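Participant: fold the following, please.
(one chain, ligands or ions: 3)
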Amino acid sequence: MGSKGQNAWKLADHPKLPKGKTIAMVVLDGWGEARPDEYNCIHVADTPTMDSFKTTAPEKWRLIKAHGSAVGLPSEDDMGNSEVGHNALGAGRIFAQGAKLVDSALASGKIYGGEGFKYIKQSFDNGTLHLIGLLSDGGVHSRLDQLLLLLKGAAEQGAKRIRVHFLTDGRDVLDGSSVGFVETLEKDLSNLREKGVDAQIASGGGRMYVTMDRYENDWNVVKRGWDAQVLGEAPYKFRSAVEAVKKLREDPKANDQYLPPFVIVDESGNPVGPVKDGDAVVTFNFRADRMTMLAKALEYADFDKFDRVRVPKIYYAGMLQYDGELKLPSHYLVSPPEIERTSGEYLVHNGVRTFACSETVKFGHVTFFWNGNRSGCFNEEMEEYVEIPSDVGITFNVQPKMKALEIAEKARDAILSGKFDQIRVNLPNGDMVGHTGDIEATVVACKAADEAVKTIIDAIEQVGGIYVITADHGNAEDMVKRDKSGAPQLDKSGKLQILTSHTLKPVPIAIGGPGLKAGTRFRNDVPTGGLANVAATVMNLHGFIAPDDYEPTLIEVVDN
Ligand SMILES: O=C(O)[C@@H](CO)OP(=O)(O)O
Ligand SMILES: [Mn+2]
Ligand SMILES: [Mn+2]
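Facilitator: Ligands and ions are numbered 1, 2, ... in the order given. The predicted structure is shown next:
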C-alpha cells in the first residue's frame with residue numbers, strides 16, 4: 001500500500017450517484033473512430049453492439065482523445081499506444097511519458113550527469129558499451145533520434161568502443177522501413193569511427209521474433225536475442241547490417257517485425273560484438289513492457305527462464321526503470337514518470353473489489369499499465385487478476401478471434417458471481433490483428449471483439465449493473481497510409497501501403513446499463529476530453545468523487 005494514511009485515501013461520496021453497482025470497464029485495444037471506408041475494418045466488420053451505442057444512445061456515447069499531449073506524448077504527431085493509454089485510463093491524470101522525459105534529459109544533457117550514466121561509464125576505459133533496442137522513429141517504444149543523440153553523447157563522454165544491437169520494427173512504422181533506419185544508423189556510426197571511436201552494429205533481428213516479447217508469453221523470443229546479442233551466436237551471419245536486412249527481407253514471407261536473428265562478423269567470421277565481462281549494456285527503449293523480460297535476463301543472478309550459457313559481469317542500465325514495484329532495472333538513465341495514486345489504488349481503499357482480466361499479450365495492460373507501471377495487486381483480498389494464456393508462436397491473423405470469447409466469459413462469470421464491483425478487461429483483437437496488416441483477418445477480429453462486448457453487457461444487464469466501453473488508441477479503423485487529403489497512398493510499385501501501426505484517431509466511449517442512474521449523460525463542457533478523464537468518470541459511477549487533481553469527469557447527472 002502507498003505511504004499515505006488511510007484517511008488520505010478516502011474519496012468523497014458522489015452527491016447523486018449510488019455505490020455498489022457492478023461496473024464492467026471494457027477496453028477494446030486498437031479501436032478508433034475514422035472515416036467509414038473499405039480500409040476501416042471496424043466499419044467493414046459486423047459490429048452491431050458497438051454500433052448500437054452510437055446510434056441508440058448518443059448522449060451516452062462520445063469520442064475522446066487518445067494520442068499526443070492528451071496522453072503525455074511529446075507532440076500531436078505521436079500516435080497513442082497501450083502503455084500511455086492505459087496509464088492515462090488508470091491514473092486519471094496526464095503524466096509526461098518516457099518519450100518526453102528522455103527528450104528533455106538528452107536536450108539538457110542531464111542524462112550524462114545521472115546515476116545511471118555514471119554507472120555505465122565505469123566500462124568506458126576498458127570495456128564496450130552495448131546499446132540494445134528498437135530501431136525506428138515510431139516513438140512507441142523508442143526513437144531513432146534519441147539513440148543517435150545517446151551514441152554521440154556517450155562518445156563525447158569517453159566511450160571508446162560501442163556496439164549496437166537493433167530490433168527492426170515494421171509495427172509502429174511501415175514494413176520495409178527498417179533498411180532506411182539501419183542506413184541512417186550506419187552513417188552516424190561511421191561519423192563516430194572517423195572521430196576515433198570503434199563503433200559498429202553487432203547484431204539484429206525482428207522485434208516480434210527477437211527480444212521484444214512481453215508479459216512472459218514466450219521466453220524463446222528473448223533467448224534468440226540473448227544468443228545473438230550476448231553470446232554472439234545466430235543462424236545468420238553477415239559482414240554488414242544493411243546487407244543483412246536486405247538479404248533476409250528477400251524471403252517473400254519475411255517482414256520487419258519477424259526478421260530472424262543475425263550477427264555481424266569480422267573478416268575471420270567472428271562476431272564483432274558479444275557482451276563480455278566489464279562491458280556496459282543499455283536497453284534504449286523507454287517503454288517498459290517489451291524490455292522487462294530482457295532486463296530480468298540481464299540483471300538477475302537467479303534466473304531460470306532459459307539457459308543463458310554465459311552470464312557476463314556487466315554494468316547494465318535501462319533507458320528508464322521499467323518496473324517501479326520490482327525496481328527493475330536497478331540502474332537507469334532517466335527517471336520514469338511517477339505515476340502514483342492511481343484509481344485502482346484509491347478504489348481498493350474505498351471498498352471497491354476488482355477483477356481484471358485479459359490474455360497474456362495484453363494482461364499487463366489492465367494490471368501493470370493500469371496501475372502506473374507497477375506489477376502485482378494493491379490488495380490481494382480486494383483484487384483478482386486473471387490471465388488467459390495467449391497462443392504462442394503465431395501471428396494473430398491466423399487466429400483473429402484470439403481469446404476474446406474466453407476473456408468475455410471470465411468477465412461474465414465474475415460479473416454474475418457478485419464478488420466484484422469492477423470487472424476490467426482488455427479485448428486485444430483490433431490491435432493485435434491490426435498490427436499484422438491483414439485486412440481480412442482484422443475484420444474478423446473486430447467482429448469477435450464486438451461479440452465479446454455483447455457477452456459482457458448481457459451479464460451487466462442481468463445484475464443491474466453499468467458498463468463503460470472504450471479503447472486505448474486507434475489501429476483497426478485505418479489500415480492504409482494516406483496522403484494529406486486522406487486518399488490511400490501507393491508505393492513505388494503501385495501497391496497499397498498497408499498501415500500496421502496505431503493511429504492518431506480518437507476513440508469512442510459508451511456508458512450504459514440498467515444500473516446507470518436516469519439522467520446520467522456526457523457533459524458537453526469537456527469537449528477536449530481524453531483517456532485521462534475516464535478514471536474520474538468511473539469513480540463517479542462507483543459512487544465517489546475523484547481527487548481534485550484528477551482530470552475532470554466526463555459525466556453529469558441531470559434531474560429529469
Ligand atoms: O505491440 C506493441 O508493443 C505496441 C506497438 O508497438 O502496441 P500496443 O501499444 O497496443 O501494445
Ligand atoms: Mn493498445
Ligand atoms: Mn498495438
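
Participant: hey, let's count contacts and neighbours off CA atoms from now on
Facilitator: Will do.

Participant: so where's the protein shaky on pLDDT?
Facilitator: 1-3 (pLDDT under 70).

Participant: close to ligand 1: what parts of it are there?
Facilitator: Proximity of the chain to ligand 1 (Cα under 6 Å from any ligand atom) is limited to residues 81-83, 140, 171-172, 431.

Participant: make it 5 Å
Facilitator: Contact residues, the chain versus ligand 1 (Cα under 5 Å from any ligand atom): 81-82.

Participant: name the nearest residue to the closest residue to ligand 2 within the chain, ignoring sequence neighbours.
Facilitator: Taking Cα to the ion, ligand 2 has its nearest neighbour within the chain at residue 82, 3.5 Å off. Closest residue to residue 82 in three dimensions, ignoring its sequence neighbours and counting by Cα to Cα, 6 or more residues apart in numbering: residue 472, at 6.0 Å.

Participant: so where does residue 436 fall, helix or strand?
Facilitator: Secondary structure assignment for residue 436, by DSSP states H and E: no helix or strand.

Participant: look up how far residue 396 lies from it.
Facilitator: Between residue 436 and residue 396 the distance is 7 Å, computed by Cα to Cα, to the nearest Å.

Participant: kindly report the same for residue 362.
Facilitator: 13 Å.

Participant: and what of residue 108?
Facilitator: 42 Å.

Participant: what about the two, which has more around it?
Facilitator: Taking other Cα atoms under 10 Å, residue 108 and residue 396 do not tie; residue 396 has more neighbours (23 against 10).

Participant: which ones are touching the closest residue to the more buried one other than its chain neighbours?
Facilitator: Spatial nearest neighbour of residue 396, chain neighbours left out: residue 433 (5.4 Å); criterion: Cα to Cα, 6+ apart. Counting by Cα atoms under 8 Å, 6 or more residues apart in numbering, residue 433 touches 395-397, 400, 441-442, 445, 476.

Participant: out of the residues you listed, which is most surrounded?
Facilitator: Within the contacts of residue 433, most neighbours by other Cα under 10 Å means residue 476, with 35 neighbours.

Participant: okay but that residue is in contact with residue 431, surely?
Facilitator: Yes: assessed by Cα atoms under 8 Å, residue 476 is found in contact with residue 431 at 6.3 Å.

Participant: who touches both of these two?
Facilitator: 30-31, 502.

Participant: weed out the non-buried ones from those residues.
Facilitator: 30-31, 502 (16 or more other Cα atoms under 10 Å).

Participant: mind putting these in JSON lines, secondary structure included?
Facilitator: JSON lines is the format used below for those (DSSP: H, G, I helix; E, B strand; the rest coil):
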{"residue": "30", "secondary structure": "coil"}
{"residue": "31", "secondary structure": "coil"}
{"residue": "502", "secondary structure": "coil"}
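
Participant: what is the nearest of those residues to residue 126?
Facilitator: Relative to residue 126, the closest of these is residue 502; by Cα to Cα it sits at 42.4 Å.

Participant: and the nearest residue to that closest one once chain neighbours are set aside, how far from residue 465?
Facilitator: Leaving out its chain neighbours, the residue that sits closest to residue 502 by Cα to Cα, 6+ apart is residue 475, at 4.3 Å. Remark: distance between residue 475 and residue 465 (Cα to Cα) = 29 Å.

Participant: closest point of the stretch 401-550 of the chain to ligand 1, which residue?
Facilitator: Residue nearest to ligand 1 within the stretch 401-550 of the chain: residue 431 (5.8 Å; Cα to the nearest ligand atom).

Participant: got it, and the stretch 201-350 of the chain?
Facilitator: Proximity of the stretch 201-350 of the chain to ligand 1 (Cα to the nearest ligand atom) peaks at residue 290, 6.6 Å away.

Participant: that residue: how many residues sit nearby?
Facilitator: Residues within reach of residue 290, counting by other Cα under 10 Å, total 23.

Participant: how about the contacts made by it?
Facilitator: Applying Cα under 8 Å, 6+ apart to residue 290 gives the contacts 211-215.

Participant: can you tell me how far the residue nearest to residue 502 sits from residue 404?
Facilitator: Using Cα to Cα, residue 475 is found at 17 Å from residue 404.
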